[in-house]
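[1] what follows is a predicted structure for the sequence shown.
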Amino acid sequence: MKDLFEKLDSYLDYINMTVMTVMMAVATLLAFINVVLRYVFGTSLTWAGELTSYLFIWSALFGSAYGFKIGLHIGVTAIIQSIKPKIAKYILSLSLIVIFIYLLLIVKWGYDFVMFNYELEQVSIDLQLPFWIIYLCVPISMSIAAYQVLLKIIKTIRIPADQFSYDMVMKEQH
């Protein structure tokens, strides 16, 4: 079972890093090309601004999901590291559960929003891309984030209270 989770985790890391990197690189390159076209040649790609925005959004949301894996988001470190391990474990567990529930709500809302846009059949102005495809980044990236938080919840619960340390849960080797 541990092998399955390790493979899934590795696969999700690959997806996150690939989407983040490719989307950010393409957005940056596209923005640069459009600036050069505008100021050097007096023309521009009409769809470049819209595509750049969507690429940055996808990159940011997948980056956010990866941030949950490596412990970038949950920032009660000073408080948790200054209290007794048993209380720290309880507080961190509670905060992770609240975050997990919140992420599940975002996944649900994101899915509903994708389906709503699918039914409307609306498309973006410049790219003529269906909005439901653009908005897919929300349920997908937040599902990955929720999975990462779930792993942290499980890890926190498994650590004996007297041995608990924030770093044991939040810091990932990457």
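    Structure received. Treat the numbers as computed from the prediction; the structure is a model and nothing was measured.

[2] name the element the spatially most central residue of the chain belongs to?
    Among the residues of the chain, the one closest to the centroid is Ala65, at 2.2 Å (C-alpha atoms, centre = their mean). Using DSSP states H and E, Ala65 maps to helix 48-70.

[3] what does the following helix or strand past that helix rub up against?
    Per DSSP H and E, the first helix or strand lying C-terminal to helix 48-70 is helix 77-82. Applying C-beta atoms under 8 Å, 6 or more residues apart in numbering, the external contacts of helix 77-82 come out as 88, 91-92, 166, 170. Quick note: C-beta positions are derived from backbone N, CA and C, even for glycine.

[4] what's the neighbour count on Trp58?
    23 (other C-beta atoms under 10 Å).

[5] which one among the contacts of helix 77-82 gets closest to Tyr14?
    Compare each of those with Tyr14 using C-beta to C-beta and the shortest gap goes to Met170, at 21.6 Å.

[6] of the contacts of helix 77-82, which one scores lowest on pLDDT?
    Taken together, the contacts of helix 77-82 show their lowest pLDDT at Met170, with 69.

[7] quick one, longest helix in this protein?
    If you go by DSSP state H, the chain has its longest helix at helix 2-41.

[8] any idea of the mean pLDDT in it?
    Averaged across helix 2-41, pLDDT comes to 93.

[9] Leu30 reaches Leu55, doesn't it?
    Yes: contact criterion C-beta atoms under 8 Å: Leu30 and Leu55 qualify, at 7.3 Å.

[10] so those two - more neighbours on which side?
    Comparing Leu30 with Leu55 by other C-beta under 10 Å, the one with more neighbours is Leu55, at 21 against 17.

[11] and the closest residue to that one other than its chain neighbours, what does it touch?
    The shortest distance from Leu55 to any non-neighbouring residue, by C-beta to C-beta, 6 or more residues apart in numbering, is to Ala27 (3.6 Å). Contacts for Ala27 were tallied using C-beta under 8 Å, 6+ apart; they are 51-52, 55-56, 59.

[12] got it, and Met115?
    Applying C-beta under 8 Å, 6+ apart to Met115 gives the contacts Trp132.

[13] buried ones in the helix or strand in which it is found, by neighbour count?
    Using DSSP H and E, Met115 sits within helix 85-120. Residues of helix 85-120 classed as buried: 85, 88-89, 92-93, 95-96, 99-100, 103-104, 106-107, 110-111, 113-114, 117 (neighbour count, 16 or more other C-beta atoms under 10 Å).

[14] what are the contacting residues of the helix or strand just after that helix?
    Using DSSP H and E, the next helix or strand after helix 85-120 towards the C-terminus is helix 131-135. Residues from elsewhere that reach helix 131-135, judged by C-beta under 8 Å, 6+ apart: 54, 110, 113-115, 117-118, 120, 122-124.
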